[in-house]
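Undergrad: task: produce atomic coordinates for the following.
(4 chains)
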2 protein chains.
Amino acid sequence: MALADPTRRRIIEMLGEGALAAGEITARFEVSAPAISQHLKVLKAAGLVTVEISGQRRIYRLEPGGLDTFEAWVRQVRGFWTASLGRLEQELAKPGTDEGVE
Amino acid sequence: MALADPTRRRIIEMLGEGALAAGEITARFEVSAPAISQHLKVLKAAGLVTVEISGQRRIYRLEPGGLDTFEAWVRQVRGFWTASLGRLEQELAKPGTDEGVE
DNA sequence: TTCGTATTGACTTAATTAAGTGAGATAAGA
DNA sequence: TCTTATCTCACTTAATTAAGTCAATACGAA
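TA: A predicted model of the protein is given here:
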């Protein structure tokens, strides 16, 4: 699941405040550039973010419909009144349920 | 010309003492990894070195016939008695003569 | 239950590709 | 001559792909 990982959720939160280049996202974490690159790949595959190539940079931004789709999915699975990302943590962390929002 | 650049000649000298992974070559210079990667690409295109992929590593070694071909070329161009790499420096450094040994 | 044995997933290291910069050479025009 | 425009080439930065490690989970057999 794309949002199972806390690092990916933090990326989504960051992008909520505005678009960022891959390198700017990496700078905000302690892990390596490839690690972030791989997270971004998952988020993109799940339809949660989009990329715009600008010269040497890759600008990542939130896909407007992406979180809506995710929210709808969450409601369906758990009921919308418990749809807190924090409380879903254990549920989402279960492996093998990785078909994502899309 | 593949051997016009002193960095590339130093790489060839290093490989003369045995095969090396790309990273080991990089470690012996002060420039960035991509810079070395690009030099290795030129040397490979000129038939002077070969690569063997070994897991995550790329092992570079001298192509046995490569320098022979180069030497023959040098003799043809300058006469074998003046075929010192040092004295050819200015000649080799001329741009636009980049068809190489091959 | 317990003990291998897979599988998953986040991560690192190794290396590369792609894009852009800057210095030196070349050539054409005023 | 001077100067301006173009080209080449070594280089850097930005980002990624590929390969491998490691810990946690899941799972079937003894």
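Undergrad: list the buried residues of stretch A:1-20.
TA: A:1, A:2, A:3, A:4, A:8, A:9, A:11, A:12, A:14, A:15, A:19, A:20 (16 or more other Cβ atoms under 10 Å in any protein chain shown). Where C-beta positions appear, they are placed from N, C-alpha and C, glycine not excepted.
Undergrad: assign the residue lying closest to the third one once chain neighbours are set aside to helix, strand or coil.
TA: Spatially, and ignoring its direct neighbours in sequence, residue A:3 is nearest to residue A:9 (5.6 Å; Cβ to Cβ, 6 or more residues apart in numbering or on different chains). Three-state assignment for residue A:9 (DSSP: H, G, I helix; E, B strand; the rest coil): helix.
Undergrad: from chain A, which residue is nearest to DNA strand C?
TA: For chain A and DNA strand C, the shortest gap (Cβ to the nearest atom of the strand) falls at residue A:55, measuring 2.4 Å.
Undergrad: so that residue versus residue A:20, what's the distance?
TA: According to Cβ to Cβ, to the nearest Å, residue A:55 and residue A:20 sit 15 Å apart.
Undergrad: how about residue A:37?
TA: Noted for residue A:37: a distance of 13 Å to residue A:20, by Cβ to Cβ.
Undergrad: for residue A:49, same thing?
TA: 10 Å.
Undergrad: interface residues of chain A facing DNA strand D?
TA: Within reach of DNA strand D by Cβ under 7 Å from any atom of the strand, chain A has these residues: A:21-24, A:26, A:33-34, A:36-38, A:40-41, A:51, A:56-58, A:94-96.
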